[in-house]
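S.K.: heads up, no residue letters with this:
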Ligand SMILES: Cc1cc2nc3c(=O)[nH]c(=O)nc-3n(C[C@H](O)[C@H](O)[C@H](O)COP(=O)(O)OP(=O)(O)OC[C@H]3O[C@@H](n4cnc5c(N)ncnc54)[C@H](O)[C@@H]3O)c2cc1C
């Protein structure tokens with residue numbers, strides 16, 4: 001459930017902006033629960049330990065631990081699940097890169113580029129940056145994972161360096177330049193100002209904040225400021241990769257519903273570039289993906305052009321809708337009448353419900369806490385109208401590994 005301080009932010013998400021949707025609807029197969037858990041896409045299996053990534057791309061380079069995995073004999077590979085390997089985790093029978101770099105021994109990467117990809121809005125925390133970092137091929141990851149970043153600090157209690165913060169990876173395994181040597185993040189700069197929304201803490205001396213010199217209190221996020229202030233060539237300490245919640249199923253015919261609020265778009269950019277953009281993987285996916293993005297203002301839309309290009313190229317496989325809460329209304333929202341991401345989804349109620357019921361469909365949510373209740377707002381009634389218990393239905397979806405949530 002969202003906390004009281006999340007409320008204004010959640011309230012700021014959503015709102016429909018009618019965009020050019022194709023008339024096609026996804027074909028959903030029979031509405032029954034899957035009998036077995038779907039396997040994961042990519043992520044070299046024990047029997048194919050030399051390939052990692054949704055793109056099934058052989059890694060050119062890797063950490064020592066990676067090298068240890070690659071090139072082992074067939075016998076050892078068969079026993080892979082029984083042997084605990086450093087830098088690898090077995091998830092649903094597949095090996096994926098895992099914590100190759102720890103907080104005590106992080107990878108020293110560098111910033112290739114940093115770009116502010118939103119424009120100013122009335123919100124003090126309007127800025128979101130797209131950052132591309134060089135990992136020299138040493139921090140391989142698969143789509144849906146996260147990395148940690150260690151800022152120089154000082155942290156909340158004065159610690160230097162600061163404790164790690166996790167960030168969902170926003171690039172596909174080959175990276176934005178498809179060299180397998182870069183990783184991209186989409187990071188919102190945390191700024192809290194007294195009198196301009198929630199602000200409990202302060203880490204800027206009164207009167208010294210360049211943007212808000214008159215404010216009683218200003219708090220600037222330790223790690224998000226570090227990342228959003230990076231310049232090309234600056235060092236970045238990276239840990240990980242980690243995370244198995246947001247991985248894609250292996251079935252190329254699976255369908256995906258991606259629900260994102262704000263920077264929750266990160267893992268979906270990673271997946272969508274894998275499915276519809278990268279040379280190595282484009283064209284292999286045979287299912288459908290439907291992205292719903294919620295932001296507070298149209299200036300806050302993230303990667304809008306990329307989605308529109310994908311939609312133009314794959315009109316039968318990719319749908320994209322967004323909700324801009326401060327600019328559009330929905331009568332479905334009984335709290336404040338704004339269009340939040342779930343209210344946008346409700347506009348496609350029956351189509352989406354058929355898709356959700358398809359055992360080949362996976363639901364992914366990423367972004368604000370409270371997104372799960374948004375999903376319930378959309379589908380609980382539909383589940384119950386078919387004589388099922390919502391809690392049981394969710395339990396079954398989780399058991400089938402087709403309900404994925406990463407909120408922060
Ligand atoms: C799996 C995962 C993926 C994530 N992915 C992304 C992503 O893709 N993009 C993104 O932007 N973020 C992401 N995050 C969030 C990210 O990890 C950071 O939490 C975020 O960037 C804020 O970090 P910060 O250091 O800038 O803020 P902090 O400095 O950590 O501040 C965070 C909050 O702590 C409060 N605070 C300050 N002092 C105190 C105190 N003494 N006691 C209690 N509270 C205090 C502040 O008021 C502020 O609201 C993700 C988180 C997780 C867990």
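M.R.: Yep, that arrived. None of the values given here were measured: they were computed from a predicted structure.
S.K.: Provide a list of residues in contact with the residue most central in space within the chain.
M.R.: By Cα atoms, centre = their mean, the chain has its centre lying nearest to residue 267, at 2.6 Å. Contacts for residue 267 (Cβ atoms under 8 Å, 6 or more residues apart in numbering) come out as 143, 144, 168, 169, 170, 246, 364, 366, 406. Heads up, the C-betas are built off the backbone N, CA and C, glycines and all.
S.K.: Quick one: buried ones out of these?
M.R.: In the contacts of residue 267, burial by neighbour count holds for 143, 144, 168, 169, 170, 246, 364, 366, 406, counting by 16 or more other Cβ atoms under 10 Å.
S.K.: Name the nearest residue to whichever residue of the stretch 301-408 of the chain sits closest to the ligand, sequence neighbours excluded.
M.R.: Relative to the ligand, the nearest point of the stretch 301-408 of the chain is residue 408 (3.5 Å; Cβ to the nearest ligand atom). With sequence-adjacent residues excluded and distances taken as Cβ to Cβ, 6 or more residues apart in numbering, residue 408 is closest to residue 369, at 7.3 Å.
S.K.: Which helix or which strand is home to the one you found?
M.R.: Per DSSP states H and E: residue 369 is located in neither a helix nor a strand.
S.K.: Look through the chain and state the residue closest to the ligand.
M.R.: The ligand sits closest to residue 221 of the chain, with a gap of 2.2 Å, by Cβ to the nearest ligand atom.
S.K.: which residues touch that residue?
M.R.: 189, 190, 191.
S.K.: I'd like the distance between the closest residue to the second one other than its chain neighbours and residue 259.
M.R.: What it means is residue 190. Excluding the flanking residues, the one nearest residue 190 by Cβ to Cβ, 6+ apart is residue 221, at 2.7 Å. Distance, residue 221 to residue 259, using Cβ to Cβ, to the nearest Å: 24 Å.
S.K.: on that earlier part again, filtering the contacts of residue 267 by proximity to the ligand, which remain?
M.R.: Filtering those for proximity to the ligand by Cβ under 6 Å from any ligand atom leaves 168, 406.
S.K.: Same list as before, the contacts of residue 267 that is, but in TSV and with pLDDT and secondary structure included.
M.R.: TSV is the format used below for the contacts of residue 267 (pLDDT from 0 to 100; DSSP: H, G, I helix; E, B strand; the rest coil):
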residue	pLDDT	secondary structure
143	98	coil
144	98	coil
168	98	strand
169	98	strand
170	98	coil
246	98	coil
364	98	strand
366	98	strand
406	98	strand
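S.K.: Save the contacts of residue 267 as CSV, and put in distance to residue 348 too.
M.R.: Below are these laid out as CSV (distance: Cβ to Cβ, whole Å):
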residue, distance to residue 348
143, 25
144, 24
168, 25
169, 28
170, 26
246, 23
364, 17
366, 20
406, 23
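S.K.: What are the buried residues along stretch 340-351?
M.R.: Buried residues in stretch 340-351, defined by neighbour count with 16+ other Cβ under 10 Å: 340, 341, 342, 343, 344, 345, 346, 347, 348, 351.
S.K.: That one spans what distance, first to last residue?
M.R.: 19 Å (Cα to Cα, to the nearest Å).
S.K.: ok, now stretch 344-352?
M.R.: 11 Å.
S.K.: and what of stretch 381-397?
M.R.: First-to-last residue span, stretch 381-397, Cα to Cα: 16 Å.
S.K.: now do stretch 123-133
M.R.: End-to-end for stretch 123-133, by Cα to Cα: 28 Å.
S.K.: again, but for stretch 400-408
M.R.: 24 Å.
S.K.: Can you name the residues in contact with that stretch?
M.R.: 33-34, 37-38, 92, 166, 168, 243, 245-246, 249, 264, 267, 359, 361-372, 394, 397.
S.K.: And stretch 98-106, by the same measure?
M.R.: Counting by Cβ under 8 Å, 6+ apart, 62-63, 65-66, 87-89, 107, 138-140, 148, 150, 163-164, 237-242 sit against stretch 98-106.
S.K.: Around the residue of the stretch 301-408 of the chain closest to the ligand, how many other residues sit close by?
M.R.: Residues near residue 408, counting by other Cβ atoms under 10 Å, number 13.
S.K.: Run through the residues of the chain sitting next to the ligand.
M.R.: So far as Cβ under 6 Å from any ligand atom goes, the chain lies against the ligand at 146, 156, 165-168, 186-188, 190, 192, 200-201, 219, 221-224, 263, 266, 406, 408.
S.K.: now with 5 Å?
M.R.: 146, 156, 165-168, 187-188, 190, 201, 219, 221-224, 263, 266, 408 (Cβ under 5 Å from any ligand atom).
S.K.: So among those residues, which ones count as buried?
M.R.: Using 16+ other Cβ under 10 Å as the burial test, these include 146, 165, 167-168, 187-188, 190, 219, 221-224, 263, 266 as buried.
S.K.: Just those: which are in helices?
M.R.: Judged by DSSP state H, those include 222, 223, 224, 266 as members of helices.
S.K.: out of those, who's nearest residue 293?
M.R.: residue 266 (11.5 Å; Cβ to Cβ).
S.K.: mind checking how far the closest one is from residue 246?
M.R.: Distance from residue 266 to residue 246, by Cβ to Cβ: 9 Å.
S.K.: so what's in contact with those two at the same time?
M.R.: Common neighbours of residue 266 and residue 246 (Cβ under 8 Å, 6+ apart) are 168, 366.
S.K.: how about the nearest residue to residue 240, chain neighbours excluded?
M.R.: Residue 240 sits nearest to residue 147 (Cβ to Cβ, 6+ apart), 4.0 Å away.
S.K.: in the stretch 301-408 of the chain, which spans are strands?
M.R.: Counting by DSSP state E, counting those that start in this stretch, the stretch 301-408 of the chain has strands at residues 318-324, 361-367, 403-407.
S.K.: Which of the ones you listed has the highest mean neighbour count?
M.R.: Stretch with highest mean neighbour count among these: strand 361-367 (a mean of 25; mean count of other Cβ atoms under 10 Å).
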